[in-house]
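S.K.: pasting the structure only:
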C-alpha cells in the first residue's frame, strides 16, 4: 500500500502545510530533559536521528512513512499540556495520551490514512515513551502486552531511540540502555515485532480484567448469553448495520429511548436517566440469558468498561463491533439523518474517540469501510 502523509518532507514545507507544526516553534521544553530547545528543535532532531538509523533505512516504504509520521507527531500535544513552572521546569504531563487523539483526528479528517495505518501511528504516538519508563512501572508485563496488541514493538523501539538521540540531556546513556532493555523484555515476553498471543479470546480477556492473573491461564468458557456492543460516532450507520446484518435479537437502543420520551441527544441532564433505563432493559435480557444488541455510540473506553462490567457480571460474552466510514461520508450521512446532530457536537465527539481495543472484550470486530 502506497500512503504518504506528505510528499515534500522538508521542514519549511511541513510548517507551510500544518499549523500544528508551526506551533511547535512556540512550545518550550523542560531544560533538564531537553536542553536543545523548543518542541520544533527537538522534533527536527528526532526526524534526523531516525533517518540516520540503519534499522530505519531497512524498513519498507510504508513502515518508514508510519514511523516518520509518528516521530513528527509524537510531541504535538506538548502545546496543550506544557506548564511553565519557571527556572526551566516545563512538565507536559499527558502529552502522549492527548497526542494520540490529535494524531487520530488529523489522520482521519485532514490527511486521511487507511484505518490500520492511522491506528498504528496514533498508537506509536501514545506509547512513544513506554520503552524508557516501562521497567519502572508496576505491572510492567501487563502494560507491555497491552501495548503489543496495538503497536509493533520493533517500530516503537525505533521511535523511542530516535526520541532519545534527538535531544540534549545528561542521562542520554541511561535512556538508551533502557530502550535496549525494552527489546530484551519484549523478546522474553514473546511480543517482539508481534502481538502477545493468548490461547483463547477469553484467556486474553481474563488476563487483562483480573488482578494478579497468570498470563498463560486458560479459563473455562461457560457463557449464559452474548451481548453485541456497537461502537461508533453518531451517523456511522449502526442502525443500518443491524438491519443489513440480519441480526435477529432484541436491541437496546439509547436513541430509541430518547425518541420514545422525546428527549434530545444533546440534553445532558437527561442522559443519566436514559442510560439507567437502557441498563434496566438490558438486565431483563441478561437475567433470562437472552442474546441482545446494545446500540449506542460507546466511543470512550470508560463508557464501554462500565457496560462490559455489567454484562460480564451476568455471565455474558461481550463482542464489540466498531463501525467507521470515511470522514466526508460520515458527515454527509449525519446531514441525511432524520435526527442529525450539529457539526460542532460531532467535532467534539471525534476529538474524544477511543477505538475499542482487543483487551476490552472477548471479541472485537472492526467494520471499517
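M.R.: Perfect, I can see it now. Quick caveat, the model's predicted, so the values are computed rather than measured.
S.K.: contacts for the stretch of helix or strand residue 163 belongs to next, please.
M.R.: Under the criterion of DSSP states H and E, residue 163 resides in helix 153-165. Under the contact criterion CB atoms under 8 Å, 6 or more residues apart in numbering, helix 153-165 has outside partners 45-47, 49-50, 53, 55-56, 63, 66-67, 70-71, 74, 120, 124, 127-132, 144, 147, 172, 175-176, 179, 182-183, 186, 191-194. Placement of C-beta: from N, CA and C, glycine included.
S.K.: same thing but 6 Å
M.R.: When contacts are defined by CB atoms under 6 Å, 6 or more residues apart in numbering, helix 153-165 is touched by residues 46, 49-50, 55, 67, 70-71, 124, 127-128, 131, 175-176, 179, 182-183, 186, 191-193.
S.K.: again with stretch 204-213
M.R.: By CB under 6 Å, 6+ apart, the surrounding residues in contact with stretch 204-213 are 198, 215, 219, 359, 362.
S.K.: secondary structure added to those, as CSV?
M.R.: Supplementary listing: the contacts of stretch 204-213 in CSV, determined by DSSP: H, G, I helix; E, B strand; the rest coil:
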residue, secondary structure
198, coil
215, coil
219, coil
359, coil
362, coil
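S.K.: highest neighbour count among those residues?
M.R.: Within the contacts of stretch 204-213, neighbour counts (other CB atoms under 10 Å) peak at residue 362, which reaches 25 neighbours.
S.K.: and it, what is it in contact with?
M.R.: 201-202, 205, 317-318.
S.K.: next: residue 226.
M.R.: Taking CB under 6 Å, 6+ apart as the contact definition, residue 226 lies against 291, 317.
S.K.: the one 10 residues further on now?
M.R.: Counting by CB under 6 Å, 6+ apart, residue 236 touches 323, 325.
S.K.: what's the spacing between it and residue 97?
M.R.: The span separating residue 236 from residue 97 equals 24 Å under the rule CB to CB, to the nearest Å.
S.K.: and the helices in the stretch 1-150 of the chain?
M.R.: 11-17, 19-23, 39-51, 54-57, 61-73, 78-81, 95-105, 115-127, 130-133, 140-148 (DSSP state H, counting those that start in this stretch).
S.K.: can you list the neighbours in contact with the fourth one?
M.R.: Taking CB under 6 Å, 6+ apart as the criterion, the residues outside helix 54-57 that touch it are 50, 158.
S.K.: go with 10 Å
M.R.: Residues from elsewhere that reach helix 54-57, judged by CB atoms under 10 Å, 6 or more residues apart in numbering: 49-51, 63-64, 67-68, 71, 154-155, 157-159, 161-162.
S.K.: list just the nearest of those to residue 294.
M.R.: Using CB to CB, residue 155 comes nearest to residue 294 of the contacts of helix 54-57, at 34.6 Å.
S.K.: surely residue 23 meets residue 79?
M.R.: Yes - look at residue 23 against residue 79 with CB atoms under 10 Å: they come within range, at 5.0 Å.
S.K.: quick check: neighbours shared by those two?
M.R.: If you check residue 23 and residue 79 against CB under 10 Å, 6+ apart, the residues they both contact are residue 39.
S.K.: ok so, going back, I'd like the next helix or strand past the helix holding residue 163.
M.R.: helix 172-188.
S.K.: between that next one and helix 153-165, how many degrees?
M.R.: The directions of helix 172-188 and helix 153-165 differ by 170 degrees, with axes from the mean of the first three to the mean of the last three CA atoms, to 10 degrees as the criterion.
S.K.: how distant is the helix or strand just after helix 172-188 from the center of its chain?
M.R.: Sequence-wise, the next helix or strand beyond helix 172-188 is helix 201-209, with elements assigned using DSSP H and E. Averaged C-alpha coordinates place helix 201-209 at 19 Å from its chain's average position (CA atoms, centre = their mean, to the nearest Å).
S.K.: what pairs with residue 316 across the strands?
M.R.: Partner residues in beta bridges with residue 316, using DSSP bridges, are residue 225.
S.K.: tell me the spacing between it and residue 19.
M.R.: Computed as CB to CB, the residue 316 to residue 19 distance reads 46 Å.
S.K.: higher neighbour count, the two?
M.R.: Comparing residue 316 with residue 19 by neighbour count (other CB under 10 Å), the higher total belongs to residue 316, at 23 against 8.
S.K.: for the more buried one, give me its contacts.
M.R.: Under the criterion of CB under 10 Å, 6+ apart, the contact partners of residue 316 comprise 223-227, 282, 285-286, 289-292, 308, 310, 362.
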